[in-house]
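Participant: Show me how the following folds:
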Amino acid sequence: MSFFATLLNAMPGAVAQGLIWGIMAIGVYVTFRILDIADLTVDGTMCTGAAVCIMMMLSGHNVIVSLIVATLAGMGAGLITGIFHTFMGIPAILSGILTQLALWSVNLKIMGKSNQALNVDKYNLLVSLRYIKGVPIFKNTIVIVAIMIVVLIAILYWFFGTELGCSIRATGCNSNMARAQGINTNFNKVLGLMISNGLVALSSALLAQYQGFADINMGRGAIVIGLAAVIIGEAIFGRIFRNFALTLLSVGFGAVIYYLVLQVVIWLGVDTDLLKMFSAIVVAIFLAIPYWKSRYFAKPVRRGGSADA
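Facilitator: Here you go, the predicted structure:
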């Protein structure tokens, strides 16, 4: 019974962490599904947002201001990737790798060292590991992040329904056709990358507050977690959630499910050194499911006329 009690006790923390990473996963969805770009800038931006937020708060700035500046820093990283890709003609995946590599040095310069801690007793944090249980509902981390996700989804739903948002979606769907319709596809790609990395940076700023520190390695493998959330959400809720807003919500749910499963794996006593490998296997399997369905489980198509002809 003590084992089950330990698992249940860890679940609220897993839900809170899953919701925070869910914001990052929504950012990954923007590039991966809407723009059809695998943006590897995420691993660097995941640290940049945290570093900026922590250093802003250590300098005495308000938590809301720190979150806004961290988001803008992430958008700046997306802008650099977009310029590499559109203005300099570098393939998208290589553009992300170059920006990610540069951000390693930038993040070290921002923090001054490989990690920076933030004491929850000395600073007024928006979210924290301590705000999971035994706190008023308006201060509960799960409630606050859930409200933030709903607000962000509402904003994104409105934006991608505007003329500019639809042009970004058209660019990702078929850039050649969009260009033929007079759409500035390069601008749309840059804007999409900025929105995506802004969301990633916001997520990492919240994560830094939640765990109480920013670390140079905290973004390593972030793209895998984001993809896992996107794929899990689509696999489980894809047939139910057809609306764009609900699709974004399913991505958030995917991140929560991912962290709940991860918590169960840890509870079962699996070596924590193998968690990254576990994440990679989960993503590979969910990515392979559509191919397996079409390749091995699809009903054969009948060709020609009927047998009675």
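
Participant: Per-residue pLDDT of Ala170, please?
Facilitator: Note on Ala170: pLDDT of 93.

Participant: If you tally nearby residues, what's the number for it?
Facilitator: When neighbours are counted by other Cβ atoms under 10 Å, Ala170 registers 17. In short, each C-beta sits where N, CA and C put it, glycine included.

Participant: now it, nearest residue through space, not along the chain?
Facilitator: Ala178 (4.3 Å; Cβ to Cβ, 6 or more residues apart in numbering).

Participant: helix, strand or coil for that neighbour?
Facilitator: Recorded secondary structure, Ala178: helix (DSSP: H, G, I helix; E, B strand; the rest coil).

Participant: I'd like to know which elements the lowest-mean-pLDDT helix or strand in the chain is packed against.
Facilitator: In the chain, no helix or strand scores lower on mean pLDDT, DSSP states H and E than helix 275-292, which sits at a mean of 79. With contacts taken as 3 or more Cβ pairs under 8 Å, 6 or more residues apart in numbering; DSSP states H and E, helix 275-292 sits against helix 222-237, helix 244-267.

Participant: would you list the ones you listed in JSON lines and tack on mean pLDDT, mean neighbour count and distance to Val69?
Facilitator: Formatted as JSON lines, those follow (pLDDT from 0 to 100; neighbours: other Cβ atoms under 10 Å; distance: least, Cβ to Cβ, whole Å):
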{"stretch": "helix 222-237", "mean pLDDT": "87", "mean neighbour count": "23", "distance to Val69": "20"}
{"stretch": "helix 244-267", "mean pLDDT": "88", "mean neighbour count": "21", "distance to Val69": "24"}
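
Participant: still on that earlier bit, what's in contact with the least confident helix or strand of the chain?
Facilitator: With contact meaning Cβ atoms under 8 Å, 6 or more residues apart in numbering, helix 275-292 is reached by 221, 224-225, 227-228, 231-232, 235, 258, 261-262, 265-266, 270.

Participant: any idea where the helices of this protein begin and end?
Facilitator: When secondary structure is read from DSSP state H, the chain shows helices at 2-29, 42-58, 63-86, 92-111, 141-159, 163-173, 175-180, 185-211, 222-237, 244-267, 275-292.

Participant: Put the alpha carbons of the third one into PDB.
Facilitator: Right, the one you point to is helix 63-86. The C-alpha coordinates for helix 63-86 follow below in PDB (Å, rounded to 0.1, in the frame of the first residue of the first chain):
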ATOM      1  CA  VAL A  63       7.400  38.000 -11.900                       C
ATOM      2  CA  ILE A  64       4.900  39.100 -14.700                       C
ATOM      3  CA  VAL A  65       7.500  41.400 -16.300                       C
ATOM      4  CA  SER A  66      10.100  38.600 -16.100                       C
ATOM      5  CA  LEU A  67       7.700  36.200 -17.900                       C
ATOM      6  CA  ILE A  68       7.000  38.700 -20.600                       C
ATOM      7  CA  VAL A  69      10.700  39.500 -21.200                       C
ATOM      8  CA  ALA A  70      11.500  35.700 -21.200                       C
ATOM      9  CA  THR A  71       8.800  35.200 -23.900                       C
ATOM     10  CA  LEU A  72      10.200  38.100 -26.000                       C
ATOM     11  CA  ALA A  73      13.700  36.500 -25.700                       C
ATOM     12  CA  GLY A  74      12.300  33.200 -27.000                       C
ATOM     13  CA  MET A  75      10.700  35.100 -29.900                       C
ATOM     14  CA  GLY A  76      14.000  36.600 -30.600                       C
ATOM     15  CA  ALA A  77      15.600  33.200 -30.900                       C
ATOM     16  CA  GLY A  78      12.800  32.200 -33.300                       C
ATOM     17  CA  LEU A  79      13.500  35.300 -35.300                       C
ATOM     18  CA  ILE A  80      17.200  34.300 -35.700                       C
ATOM     19  CA  THR A  81      16.200  30.800 -36.800                       C
ATOM     20  CA  GLY A  82      13.700  32.300 -39.300                       C
ATOM     21  CA  ILE A  83      16.300  34.700 -40.700                       C
ATOM     22  CA  PHE A  84      18.800  31.800 -41.100                       C
ATOM     23  CA  HIS A  85      16.100  29.800 -43.000                       C
ATOM     24  CA  THR A  86      14.500  32.500 -45.200                       C
END
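
Participant: what mean pLDDT does that helix have?
Facilitator: 95.

Participant: just the fifth one next, same as before
Facilitator: When pLDDT is averaged along helix 141-159, the result is 95.

Participant: Which neighbouring elements make contact with it?
Facilitator: helix 2-29, helix 185-211, helix 244-267.

Participant: what separates it from the chain centre, distance-wise?
Facilitator: The chain centre lies 13 Å from the centre of helix 141-159; the measure is Cα atoms, centre = their mean, to the nearest Å.
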